[in-house]
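Visitor: sequence first, then the predicted structure, then my questions.
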Amino acid sequence: MESLTGLSHQTVIDNPCLPEYRITPNLPKAQSIQLPSINAVNKVIHILQDKDGVFAGGLGLLLPCPEQTPSEYLPKIAKPLSLGSQNFHGILSRSPAMQDVFHLIQNAAETAVTVLVRGESGTGKELVAKAIHDLSIRKNAPFLAINCAALSSNLLESELFGHVRGAFTGAIKDHSGLFQRAHGGTLFLDEVAELPLELQAKLLRVIQERNYIPVGGDRSVSVDVRIIAATHRSLREEVKNGRFREDLMYRLRVVPIFLPPLRERREDIGLLIWHFIHQHNAANFRKIEKIEPLAMRTLLDYPWLGNVRELQNVVEYAFAVGRGTTLRLTELPPEFREPRAIVQTAKSNTTLSAEQEATAIRQALEQSNGKVTPAAQLLGMSRATFWRKRKLYAL
């Protein structure tokens, strides 16, 4: 009671409630009024009269005012966060698992060994490679990257190792490959598991001998390049299935680094959301200053199978379709606004505004084909509470 009214029990016991709760003889039955100095709505259910019809009092029900929900009950992540020390060379995280990754990056950067970064698509494998490069003695030399799955075998060989004039149709001049252009620096081989077997042998030679022969050439080229590779696959499984050389696997994974998916480090979701919002605030006409609680809860509960890249795309979508300073649920992609997603979010959240709660109730009714009991169960409400809220929002 005290948390709703702001009045201590000593103040209200044995005292009339008329002045504080504005119950008057002229108050219509069942009218809702918001109390200006009290964090509640006083909904009068019955006006009490004596036998002569004279006003004798009122029986009321105090309900929290959704728009006045105390800030301490809102998700703590709903406000912008300071990035500060949570930014490790462009990688944002406060997750304990990622702190272990940061230590590995720091240690690997002090050596010249090859590193294999493994993680799902969108987890930031290239950011890890760039951090290792930037922390190493090679930081002032080139950092070049290539996706081994993006090119055909012939084009990939030419892009990596270069070719000489006349090596094939269209080779009208010599072409220096990425290994030569990355001399003294770092070459990042993304999706290395997709490298064809014939090129795996050539890559193994570069790692072991520090030289290679360009396509169509007859002389070897010596290079000093650090190799960092990445994959979303298990190289051991690829070796077992005959798709990857075992000797190359061991050469690549001298220092293995595993990046956990975003769904396993949910404490980073809010941090990343605000990071991308700040980026777009600086580059767009729209400035987002806050996120409505239901939208934030939905974002926090989402599985993020596309990891950080998917989250970045969602923020970009919100900037493209929305207006105003508040990011709302209606500005998220369609999959975030499906009935099941909203109902599940509402069930786990107790700080919804009236508009958000009405939306959740409407969605629950749609999902349960208008049946009250299943809809109430979806939202984790009792049947009586569900009926009361449904009547309140005229649904």
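Guide: Here it is on my side, so go on.

Visitor: mind listing the strands for the stretch 201-350 of the chain?
Guide: 211-212, 221-222, 226-231, 255-258, 290-291, 326-327 (DSSP state E, counting those that start in this stretch).

Visitor: burial of R323, as a residue count?
Guide: 10 (other CB atoms under 10 Å). From N, CA and C alone the C-beta is placed, and that goes for glycine too.

Visitor: burial count for the residue nearest to it when sequence neighbours are not counted?
Guide: Setting aside the residues directly before and after it, R323 is nearest to R286 in space (CB to CB, 6 or more residues apart in numbering), at 6.6 Å. A count of neighbours around R286, defined by other CB under 10 Å, yields 16.

Visitor: for F143, which of the strands of the stretch 201-350 of the chain is the nearest?
Guide: Of all these, it is strand 226-231 that lies closest to F143, at 9.3 Å by CB to CB.

Visitor: now do the closest one, average pLDDT.
Guide: Strand 226-231 shows a mean pLDDT of 98 in the predicted model.

Visitor: who does it pair up with?
Guide: Based on DSSP bridges, the pairing partners of strand 226-231 within the sheet are strand 115-118 (parallel), strand 186-190 (parallel).

Visitor: out of the ones you listed, the one nearest G124 is which?
Guide: Nearest to G124 among the strands paired with strand 226-231 is strand 115-118 (9.1 Å), distances taken as CB to CB.

Visitor: can you list contacts of that closest one?
Guide: Contact with strand 115-118 is made by 108, 125, 128-129, 132, 192, 228-235, 252-259, as judged by CB atoms under 8 Å, 6 or more residues apart in numbering.

Visitor: any quick PyMOL command for the buried ones out of the residues you listed?
Guide: In PyMOL, selecting the buried portion of these, with burial taken from 16 or more other CB atoms under 10 Å, looks like this:
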select buried, resi 108+125+128+129+132+192+228+229+230+231+232+235+252+253+255+257+259
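
Visitor: below-threshold pLDDT in the stretch 151-300 of the chain: ranges please.
Guide: Across the stretch 151-300 of the chain, the ranges flagged by pLDDT under 70 are 166-167, 169, 171-172.

Visitor: OK, contacts around the residue nearest to R323?
Guide: H280, F319, G322, R323, G324.

Visitor: for the first one, list the residues it contacts.
Guide: Applying CB under 8 Å, 6+ apart to H280 gives the contacts R286, I288, V315, E316, F319.

Visitor: buried residues in stretch 182-195, which are they?
Guide: Buried residues in stretch 182-195, counting neighbours by 16+ other CB under 10 Å, are found at A182, G185, T186, L187, F188, L189, D190, E191, V192, A193, E194, L195.

Visitor: of these, just say which sits nearest to R328.
Guide: Within the set of these, D190 lies nearest R328; the separation is 35.9 Å, counting by CB to CB.
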